[in-house]
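Undergrad: My questions are about this predicted structure, shown below with the sequence.
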Amino acid sequence: MIKGKAAVADGKGNFSIQEIQIGEPDADEVLVKIMASGVCHTDFDSYHVWTKEFVMGHEGAGIVQKVGAKVTKVAPGDTVILNWAIPCKNCFQCKNGNFSICENNSPVTSTNQDMPGHAASGSTLYQGKPIERSFNLGTMSTHSIVKEAAVVKFDQDIPFSSACIIGCGVMTGYGSVINAAKVKEGSSVVVLGTGGVGLNVIQGAKVAKAGKIIAVDVSKNRLELSKQFGSTHQILADKDDEGLLKAAEQVKALTHERGADYAFECTGVPALGAAPLAMVRNAGTAVQVSGIEQDITFDMNLFEWDKIYINPLYGKCNPEIDFPNILAHYQNKELLLDELVTKTYSLEDLEQAFDDMLAGKNAKGVLLFD
């Protein structure tokens, strides 16, 4: 058994840094020494909502320490990025190429889990008993044992702090543009909300060679930051602009009075779930990126005419293809990753990292492990 530390949620809305023990990987598993873990709104929400003890964290990168007998794609010493949407490659969705919504392994969509985001593991012990891990990973920990399908090897010269965020926020934003909406070269794109995911939608649109990338936010500072990542136009929205309908008029003024070809909602605000429909032209595509799951009311007039509204999970991630592509764009300076990481923290400073995230101080905060 290896002794380690982890952020452990108590199932009652609290967390603390605790000692854990890590066992041996099974035949199809990999033991990873975590070097960096992203700090995400999902992590904050999960420990307030989920009602079991679990190891927190779902964005990670590290170094392989041990592998199971059947593992072939990585070896001890390899550097890897962790992927939380782990494909089984055998279910209906995987056979149709929808790896991010695997029917067997996805903590979000599978029906064989007793609670979304948790996967039992006898290899991780807390107070002598097995403890579950957030999104099958539990990256806010010094070590984690994960399925072979949950790791993607990389050889690029990239800090672990930048590599770890590929596994959720970067992939979600980039993939929503490239894989889900399939943004066309020269098209017009609107991005509602320029936090971590929104900035990566902007970057994805830049990679897709969109002709006009319009950032919409209520924060002047975030709009200014969006320029660095590729926005060509910025609209400062009013917090009292219901449904962002006034902002939509400004979008139309920038797009020949038609509306944009594509609009991406990245705010996470349920009341803005329909807002991208107001931004797009007839036969345009609206994309709900931020994972709104609450009941909301839609004005069906916003769908007129021939508009498409899609709700992709995790940018339709195919990790074996998308992660290497993202790393290649990084190497070619087409995607900024280092610049996304505003501040790094120790595991013991996780509470401060959450406070800074909620205050909007960071594009992205990251935990670093020794």
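TA: Here it is on my side, so go on.
Undergrad: where along the stretch 251-370 of the chain do the strands fall?
TA: 260-265, 280-288, 308-310, 343-345, 365-368 (DSSP state E, counting those that start in this stretch).
Undergrad: Listing request: residues of the chain with sub-threshold pLDDT.
TA: 109-122 (pLDDT under 70).
Undergrad: Okay, domains of it per the record?
TA: 2-159+341-368, 174-313 (automatic domain parsing).
Undergrad: rewinding a little: and the strands of the stretch 251-370 of the chain, which is most packed in?
TA: Ranked by mean neighbour count under mean count of other C-beta atoms under 10 Å, the strands of the stretch 251-370 of the chain are led by strand 260-265, which reaches a mean of 29. Any C-beta I mention is one placed from the backbone N, CA and C, and that applies to glycine too.
Undergrad: That one - contacts with which helices or strands?
TA: strand 188-192, helix 196-207, helix 275-279, strand 280-288 (3 or more C-beta pairs under 8 Å, 6 or more residues apart in numbering; DSSP states H and E).
Undergrad: any chance of the domains of the chain in a markdown table, with distance to Phe323 too?
TA: Shown next, in a markdown table, are the domains of the chain (distance: least, C-beta to C-beta, whole Å):
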| stretch | distance to Phe323 |
| --- | --- |
| domain 2-159+341-368 | 4 |
| domain 174-313 | 10 |
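Undergrad: which stretch among those domains comes nearest Glu320?
TA: domain 2-159+341-368 (6.6 Å; C-beta to C-beta).
Undergrad: got the end-to-end distance for the closest one?
TA: Domain 2-159+341-368 has its terminal residues 19 Å apart, counting by C-alpha to C-alpha, to the nearest Å.
Undergrad: And for stretch 311-319?
TA: From start residue to end residue, stretch 311-319 stretches across 19 Å - C-alpha to C-alpha.
Undergrad: next one: stretch 208-223
TA: Stretch 208-223: ends 21 Å apart by C-alpha to C-alpha.
Undergrad: So which bits of that stretch are buried?
TA: 208, 210, 212-218, 222-223 (16 or more other C-beta atoms under 10 Å).
Undergrad: Which members of these occur in helices, if any?
TA: In this view, those that belong to helices under DSSP state H are 222-223.
Undergrad: of all the buried residues of stretch 208-223, which two lie farthest apart?
TA: Ala208 and Val218 (25.9 Å).
Undergrad: Pairing partners for the closest residue in space to Thr142 that isn't next to it in sequence in the sheet, please.
TA: Closest residue to Thr142 apart from its sequence neighbours, by C-beta to C-beta, 6 or more residues apart in numbering: Gly4 at 3.7 Å. Note on Gly4: beta-bridge partners by DSSP bridges are Ile20.
Undergrad: which residues does the residue nearest to Met140 when sequence neighbours are not counted contact?
TA: In space, and not counting its chain neighbours, Met140 is closest to Gly57: 3.2 Å by C-beta to C-beta, 6+ apart. Contacts for Gly57 (C-beta atoms under 8 Å, 6 or more residues apart in numbering) come out as 7, 37-38, 43, 134, 137-141, 367.
Undergrad: quick one: which of those residues sit in helices?
TA: Filtering these for helices - DSSP H - leaves Asp43.
Undergrad: could the buried residues of stretch 208-223 be laid out in TSV, adding distance to Tyr345?
TA: Written out in TSV, the entries for the buried residues of stretch 208-223 read as follows (distance: C-beta to C-beta, whole Å):
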residue	distance to Tyr345
Ala208	33
Ala210	34
Lys212	37
Ile213	31
Ile214	33
Ala215	27
Val216	30
Asp217	25
Val218	26
Arg222	21
Leu223	26
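Undergrad: Quick check: the gap between Ser144 and Val55.
TA: 8 Å (C-beta to C-beta, to the nearest Å).
Undergrad: ok, now Ile310?
TA: Taking C-beta to C-beta, one finds Ile310 at 32 Å from Val55.
Undergrad: cool, and Ala149?
TA: 19 Å.
Undergrad: Neighbour count: these two, which is higher?
TA: Val55 (26 against 22; other C-beta atoms under 10 Å).
Undergrad: for that one, what are its contacts?
TA: Applying C-beta under 8 Å, 6+ apart, the residues near Val55 are 6-9, 20, 124, 126, 131-134, 138, 140-141, 144.
Undergrad: Good, wrapping up.
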